[in-house]
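K.L.:
Sequence plus the predicted model coming up.
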Amino acid sequence: GAVVSQHPSRVICKSGTSVKIECRSLDFQATTMFWYRQFPKQSLMLMATSNEGSKATYEQGVEKDKFLINHASLTLSTLTVTSAHPEDSSFYICSAYPAERMNTEAFFGQGTRLTVV
Amino acid sequence: AQSVSQHNHHVILSEAASLELGCNYSYGGTVNLFWYVQYPGQHLQLLLKYFSGDPLVKGIKGFEAEFIKSKFSFNLRKPSVQWSDTAEYFCAVTPNQAGTALIFGKGTTLSVSS
């Protein structure tokens, strides 16, 4: 199956600093990638849809200036958590579909555990 | 807007008991349906999926799910659970369109005692 690689898997940062998370599709092209956030013992909440070559689409309640998304190529999307605070600590997961294919499942990255201290 | 409802928040079973986890969705059009499992400390793993055809779908590890269109349901079943099935289970739905996001239910925690 298709592989989505997410890096880093864990990161600890100081409050006020920024953290960049990468999501790469290793063996397929993805015009669209998705970023989710998962709090402990809760479900995955869609944060934003990342579109290659254009601005991301954010879900209601997600601060676009805080969670910067860049989808510079068909295989890479990045999520930057700016001026991180302890409440941003969470598990961030990306997913992607092979471009323009229907009837296929989304492929998920391994997730990034962000801890802001 | 689409939504997914999982009725059981926490299910506790003994080994060999049968399992059924409920999932209902709200969306008027054609959908693709999924069940994912998340073992403690691990990332999501696809259990099974439904796109079209036979509404009874078989997945990995002995799981199956039945799509009942009239009830907007996609319940997950397993005839005999094992201790190793202890995990979080998520139902998810997406419209049958290329490149749309999965919407997840809140999840069901399954605890199986040996």
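P.N.:
Looks like it arrived, so ask away. Numbers count the residues shown, from 1 in each chain, chains lettered A, B, ... in the order given.
K.L.:
In terms of pLDDT, where does residue 69 sit?
P.N.:
Going with chain A. Among the per-residue scores, residue A:69 shows a pLDDT of 95.
K.L.:
ah, no, chain B please
P.N.:
Looking at residue B:69, its pLDDT reads 93.
K.L.:
count of neighbours near residue B:1?
P.N.:
Residues lying near residue B:1 (other CB atoms under 10 Å in any protein chain shown) number 6. (Glycine included, C-beta is placed from N, CA and C.)
K.L.:
what about the most centrally placed residue in chain B, distance to chain A?
P.N.:
Taking CA atoms, centre = their mean, the centroid of chain B lies closest to residue B:35, which sits 3.3 Å from it. Using CB to the nearest CB, to the nearest Å, residue B:35 is found at 11 Å from chain A.
K.L.:
ok now the helix or strand hosting that residue, how far from the chain's centre?
P.N.:
Secondary-structure assignment from DSSP states H and E places residue B:35 in strand B:31-38. For strand B:31-38, the distance from its own C-alpha centre to the chain's C-alpha centre is 5 Å (CA atoms, centre = their mean, to the nearest Å).
K.L.:
give me every residue that touches the residue nearest to the centre of chain B.
P.N.:
Listed by CB atoms under 8 Å, 6 or more residues apart in numbering or on different chains, the contact partners of residue B:35 are B:23, B:46-49, B:59, B:63, B:65, B:74, B:76, B:89-92.
K.L.:
Mind checking what secondary structure the closest residue to it other than its chain neighbours has?
P.N.:
Excluding the flanking residues, the one nearest residue B:35 by CB to CB, 6 or more residues apart in numbering or on different chains is residue B:47, at 4.4 Å. State at residue B:47, reduced to three classes by DSSP: H, G, I helix; E, B strand; the rest coil: strand.
K.L.:
my guess is residue B:47 meets residue B:38, correct?
P.N.:
No. When contacts are counted by CB atoms under 8 Å, residue B:47 is not listed as touching residue B:38 (10.3 Å).
K.L.:
between those two, which one's more packed in?
P.N.:
Here residue B:47 and residue B:38 are compared on neighbour count by other CB under 10 Å; more neighbours surround residue B:47, at 22 against 19.
K.L.:
Distance check, that one against residue A:9.
P.N.:
Here residue B:47 is placed at a distance of 23 Å from residue A:9 (CB to CB, to the nearest Å).
K.L.:
just to revisit the earlier point, go through the contacts of residue B:35 and flag which are in strands.
P.N.:
Taking DSSP state E, the ones among the contacts of residue B:35 that sit in strands are B:23, B:46, B:47, B:48, B:49, B:65, B:74, B:76, B:89, B:90, B:91, B:92.
K.L.:
I'd say the second one and residue B:33 touch.
P.N.:
It stands for residue B:46. No. Distance between residue B:46 and residue B:33: 11.6 Å, which falls outside the contact criterion (CB under 8 Å).
K.L.:
Between those two, which has more neighbouring residues?
P.N.:
Neighbours around residue B:46 and residue B:33, counted as other CB under 10 Å, are more numerous at residue B:33. The numbers are 24 against 17.
K.L.:
show me the contacts for the more buried one.
P.N.:
Counting by CB under 8 Å, 6+ apart, residue B:33 has contacts B:23, B:25, B:49, B:50, B:65, B:67, B:74, B:91, B:92, B:93.
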